[in-house]
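*Asks:* Quick one: sequence plus predicted model below, questions after.
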Amino acid sequence: MKKMIVSILLLSLLLPLSAQKSGFNYDESKVPSYSLPDLFVTEKGKPVRTARRWERIRRPEILHLFETQVYGISPAAPAGMHARVEKVVEDAFGGAGTLKEVTLFLDPAETYPVHLLIAVPKNAAGPVPAFLGMNFWGNHTTTDDPNVTIPDGWKGAYSGKAVTDHPRAFNAERWPFQYILDQGYAVVTYCREDIDPDFDDGFRNGVHRLMDGDTPRTGTSWGTIAAWAWSLSRALDYLNADPDIDASRVAVFGHSRLGKTALWAGAQDPRFALVISNCSGCGGAALSRRCFGETVGRINSSFPHWFCSNFHQYSDHEADLPVDQHELLALIAPRPLYVDSASEDLWADPRGEYLSLYEASKVYALYGYDTLTDPESPEIGHPVVRGRTGYHIRQGKHNILLYDWQQFISFADRFLK
Ligand code: GTR
């Protein structure tokens, strides 16, 4: 009897918790019927049939909507940025390349250091193409190479966990350096926490502090994803001056929240030669109007700092959004764009990620490139590439694994080699 009362008590404690876990849907039959904003009609109702009209009218309209309604408006590059090469180790990564550590200072006073880890392939004949993407937990978590410095006092601000909780190589399965280097590509990474710690502190920390000071925030002020995306452009600014890297052949990539970030960086900054979204989901590649997996309402309540505050008005009102995420992908045209999903990653809505790319690929036709022809998603493990867009769905969970990298590289080889 006592046991039963305890169980009932426990259940009643648990129920409100599970009730709170709303804001997501895993049932395809519950996807509402929706119509997507038209890529090919301007705000004045005029048709867009040429790349010229797309670039002069429609693309800026869409970019403006993403800035003001979704991610927030980012500032220009700060004055006084400078970099210092801290360390060069030849014969790193199992002999596949050179390890370089460069500190990029975002301000003259050097209070905002970004610790870049750069892996350069061995025997490169001249500057090489590169994959640029942030890491979650610190450079030291991407490899077991003891040469990678753990910055003094490093602490994951998101988790509040010290380096002992995220030791060397903690995330190494996501970073197959040797394989990528052997294919002739450099890898450039740094930790998201160097830019903007991933928690809601009213934007008093990270680069919001540096760039905004005490300026009051508005509905269009940039959120954390915009800050991270902005930093990818700052990293590219640096790479322009790095003799080992060909900055005109940089692929920007990211996984999950950092995939959302890579897309927004690629959409805004045409210097990125190729863009890759890995399992980016809601607020990334996935269509918001499908309300499948994580929804706009759910993401805004779990991560109130990621988007601009105007975006919050669309929580549970996805049909009112003036854009959808296929238009984010379309902003990347005509540059090569690769999207991927994982079969068990329903949270990120693999179907919505593919459909979004399928719709976006139509813009590539304005430039004379082939588009994705099949609205049905490809089979698991059967990548599809048409023109300058590519997609695969990998068997398994929300992650970025060697299989994904193999597809990224065969896609990149078509355009960056
Ligand atoms: C989840 C979040 C997703 C995705 C993911 C990640 O908790 O709901 O949108 O960004 O985190 O970044 O791993």
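*Replies:* Right, received. Where do you want to start? Numbers count the residues shown, from 1 in each chain.
*Asks:* roughly how far apart are residue 70 and residue 264?
*Replies:* Plainly put, residue 70 is 8 Å away from residue 264 if you go by C-beta to C-beta, to the nearest Å. (Each C-beta comes from the backbone N, C-alpha and C, glycine too.)
*Asks:* What backbone torsions are found at residue 371?
*Replies:* phi -120, psi 170 (degrees, to the nearest 10).
*Asks:* Where does the residue nearest to it when sequence neighbours are not counted fall, secondary structure wise?
*Replies:* Of all residues not flanking residue 371 in the chain, residue 361 sits nearest, at 4.1 Å (C-beta to C-beta, 6 or more residues apart in numbering). Residue 361 belongs to helix 350-364 when elements are defined using DSSP states H and E.
*Asks:* all helices of the protein, in order?
*Replies:* With DSSP state H as the criterion, the chain has helices at 2-20, 51-53, 59-66, 177-182, 206-212, 224-239, 257-268, 296-302, 325-330, 350-364, 402-416.
*Asks:* which residue is nearest the centroid of the protein?
*Replies:* Nearest to the mean C-alpha position of the chain, by C-alpha atoms, centre = their mean, lies residue 259 at 2.2 Å.
*Asks:* That residue contacts residue 279, doesn't it?
*Replies:* Yes: using C-beta atoms under 8 Å, residue 259 makes contact with residue 279 at a distance of 6.1 Å.
*Asks:* ok so, going back, got the contact list for the residue nearest to residue 371?
*Replies:* The contact partners of residue 361, taken as C-beta atoms under 8 Å, 6 or more residues apart in numbering, are 371-372, 386-387, 389.
*Asks:* For those, pick the one with the most neighbours.
*Replies:* residue 389 (26 neighbours; other C-beta atoms under 10 Å).
*Asks:* per-residue confidence at it?
*Replies:* At residue 389 the predicted local distance difference test score is 98.
*Asks:* Kindly provide the distance from residue 85 to residue 355.
*Replies:* 45 Å.
*Asks:* So which of these two has more stuff around it?
*Replies:* A direct count of neighbours by other C-beta under 10 Å for residue 85 and residue 355 places residue 355 higher, at 22 against 12.
*Asks:* Apart from its chain neighbours, what residue comes closest to that one?
*Replies:* Closest to residue 355 by C-beta to C-beta, 6+ apart is residue 287, at 5.9 Å.
*Asks:* do residue 274 as well
*Replies:* What sits nearest to residue 274 in space, not counting adjacent residues and going by C-beta to C-beta, 6+ apart, is residue 251, at 4.0 Å.
*Asks:* who's in contact with that neighbour?
*Replies:* Here residue 251 is in contact with 129-132, 272-276, 408, 412, 416 (C-beta under 8 Å, 6+ apart).
*Asks:* returning to what we had before: pLDDT score assigned to the residue nearest to residue 371?
*Replies:* 98.
*Asks:* same deal with the one 4 residues further on?
*Replies:* What the model reports as pLDDT for residue 365 is 98.
*Asks:* right, and it touches residue 371 too?
*Replies:* Yes: with contacts counted by C-beta under 8 Å, residue 365 reaches residue 371, the gap being 5.0 Å.
*Asks:* sorry, back to before: show me the two of the contacts of residue 361 that sit farthest apart.
*Replies:* 372 and 387 (8.3 Å; C-beta to C-beta).
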